[in-house]
Structure formats: structure tokens, C-alpha cells
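A.B. asks: generate a structure from the sequence data that follows.
(one chain, ligands or ions: 2)
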Amino acid sequence: MIDLKSGEDVSRMRAACTAAARVLHDLADLVVPGISTAGLDAAARGLMLRHGCESACLGYVVGRLSYPGHVCISLNDEIVHGIGAPDRIIREGDLVSLDVVVRRDGFIGDNARTLLVGKVAPDARQLCQDTEKALMAGIAAVRPGSRVGDISAAIQAALAPGGYGIVRDFVGHGVGRKMHEEPQIPNYGKAGTGTKLLPGMALAIEPMVNLGTHKIIMAADGWTARTADGKPSAHFEHTVLVTETGVEILTLP
Ligand code: MF3
Ligand code: CO
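C.D. replies: Ligands and ions are numbered 1, 2, ... in the order given. As a prediction, the model looks like this:
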């Protein structure tokens, strides 16, 4: 069963997503060489207070693990769910993926982007550009009557020329009162297949794309996913709403 948002729920989703976008926007300004990822996480906590929301990641339980950070901060070959720590310092040339998921008034807003710190290798820079373009291509496939597979196929097609490794172990998702709702939204797939999109569906679309292999390795902390070959990875995400006529991007600051 997919939860369709209407009326008051849509207003609340908009407010949660705007807050998530503002936190991500403000946090991105703090990403400079020398700051620790623990410092960024602490700053995120303050920004959430300022923007009237709270972390949906902190204390999020998967299996027997509870996520210890306010935001996910993933560096270079880390794909998603990296954890801020005092000894993980941002350096010139880093790729920094920030994933901000907040709760406000009972609803979740989810968005992410990969930042380039100073001079970054051209192939990694291109990877980030192409991943963001793939996200926008996926969003452009959203309208009532199209299918989840149309989103997946649009993302895959946008990335095909780059020969990238599209991550398969993590996918986009429905979102609303809970961070992860139905349907799952893979970043690869066949057009015309899967769940039909209806007005009121809220979707977190989030391509995770590797410069090399799509294969991942899980770190000993149980959260951090990194590329199996150590090459860089990028992640861009918006929460969107299927409207009567098309799509509305909810996570704009
Ligand atoms: N955007 C990520 C996701 O949808 C956020 C995860 S928060 C965590 O999986 F607590 F699970 F890390
Ligand atoms: Co998400």
C-alpha cells in the first residue's frame, strides 16, 4: 500500500522538505578544508534547530544498529551513510556527500548532494555533474500514469555514456511519515515496468554512482558503504511529489 498525500499532509511534506533543503544548503557552506566531519555533524544539529526540524537519521534503527549521527557524511570512496568523527577531516580535493533527512510536524524531508572541495580530479568532477544530471533526468520522468521503471530507466540512460557503476545495493524510496515507504526506486531498470505513479505519491529519488565498479563494501561500523575498488562515488537526492499534472520538487531551499 502506497500512502497518497493530500491536503494537510502535502503542506506538512512541503514544510519538512523545505527545512531539509535549507539545512543542506547551509551545511554545504561550512564544507571547507580543515573542518572535521564531527564538526559538520554538530553544525547540522544546530541548523536543524534553527530551521524547526530534527534529525530523522539520529537513532534510526536498522537491525541491531542505531545510527549515531545527525546527518550522513560520506567522503570520496564512501557511497552513503558515512558517520561524522573528529579524526575525519575535510581536505582539498575531497568529494563530500551530505545526506540530510529531517522530521518536522510528523513528516520527513530527504535530500542529498555531493560537494567538491577545491580542486578535484576531472573524472570525479564529471562524475558529480553526471550524477546530478541523472537525478534531474529521473525527476523529469515523474508524472501521473508513468511508472517507477520510467524513473529508473531515465537515470540509467543518463549515466550510460559515462560507463559508471550504478549502485544496486541502495535505492530511492517513497517517503512521508516514515523515511522509507513504498515503492523502492532502483537507479537502473526498464521503462514501462513497475508501480504506476499517482498524484500524491512522495518519492525520494537518489542515484548513487561510482566512477568504477558498482560493487560495495560495508565498513566495520555497520553503516558506511564504500566502493569495492576504492574509486570515488557521488550521490544526489531530492524528495518530489507527483502532482495532478506532473512533478513538484519539494526539497528546494
Ligand atoms: N537518505 C538516506 C536513506 O534514505 C538516509 C539514511 S539515514 C540513516 O537511506 F540513519 F540510515 F543513516
Ligand atoms: Co533517501
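
A.B. asks: now D123, what's its secondary structure?
C.D. replies: Per DSSP: H, G, I helix; E, B strand; the rest coil, the local secondary structure of D123 is helix.

A.B. asks: what pLDDT does the residue lying closest to it once chain neighbours are set aside get?
C.D. replies: Of all residues not flanking D123 in the chain, L211 sits nearest, at 6.0 Å (CB to CB, 6 or more residues apart in numbering). From N, CA and C alone the C-beta is placed, and that goes for glycine too. L211 is assigned 98 on the pLDDT scale.

A.B. asks: residues in contact with stretch 130-140?
C.D. replies: Identification of contacts with stretch 130-140 by CB atoms under 8 Å, 6 or more residues apart in numbering yields 113-114, 151-152, 154-155, 157-159, 162, 164, 172, 187, 205-209, 234-238, 240, 247, 249.

A.B. asks: near ligand 1 too, which of those residues?
C.D. replies: Among the contacts of stretch 130-140, not one lies near ligand 1 by CB under 6 Å from any ligand atom.

A.B. asks: which residues of the stretch 151-253 of the chain score low on pLDDT?
C.D. replies: Within the stretch 151-253 of the chain, no stretch has pLDDT under 70.

A.B. asks: ok, now which ones touch the residue nearest to D123?
C.D. replies: Contacts of L211 (CB under 8 Å, 6+ apart): D123, A124, L127, Y164, G165, T227, K231, P232, S233.

A.B. asks: quick one: check stretch 187-194 for contact with ligand 2.
C.D. replies: No. Stretch 187-194 does not reach ligand 2 (CB under 5 Å from the ion); its nearest approach is 11.8 Å.

A.B. asks: wouldn't P68 be in contact with Y60 here?
C.D. replies: No. With contact defined as CB atoms under 8 Å, P68 does not reach Y60; the gap is 9.7 Å.

A.B. asks: between those two, who's got more neighbours?
C.D. replies: Using other CB atoms under 10 Å, the more surrounded residue of P68 and Y60 is Y60, with 18 against 15.

A.B. asks: now do the buried residues in the longest helix anywhere in the chain.
C.D. replies: Longest helix in the chain, counting residues (DSSP state H): helix 8-28. Buried residues in helix 8-28, counted by 16 or more other CB atoms under 10 Å: 9-10, 12-27.

A.B. asks: from the rest of the structure, what touches that helix?
C.D. replies: 5, 40, 43-44, 47-48, 50-53, 71, 98, 100-113, 115, 176, 200, 202, 239, 241, 250-253.

A.B. asks: same for ligand 2: which of those residues are within range?
C.D. replies: Answer for the contacts of helix 8-28 near ligand 2 (CB under 5 Å from the ion): D110.
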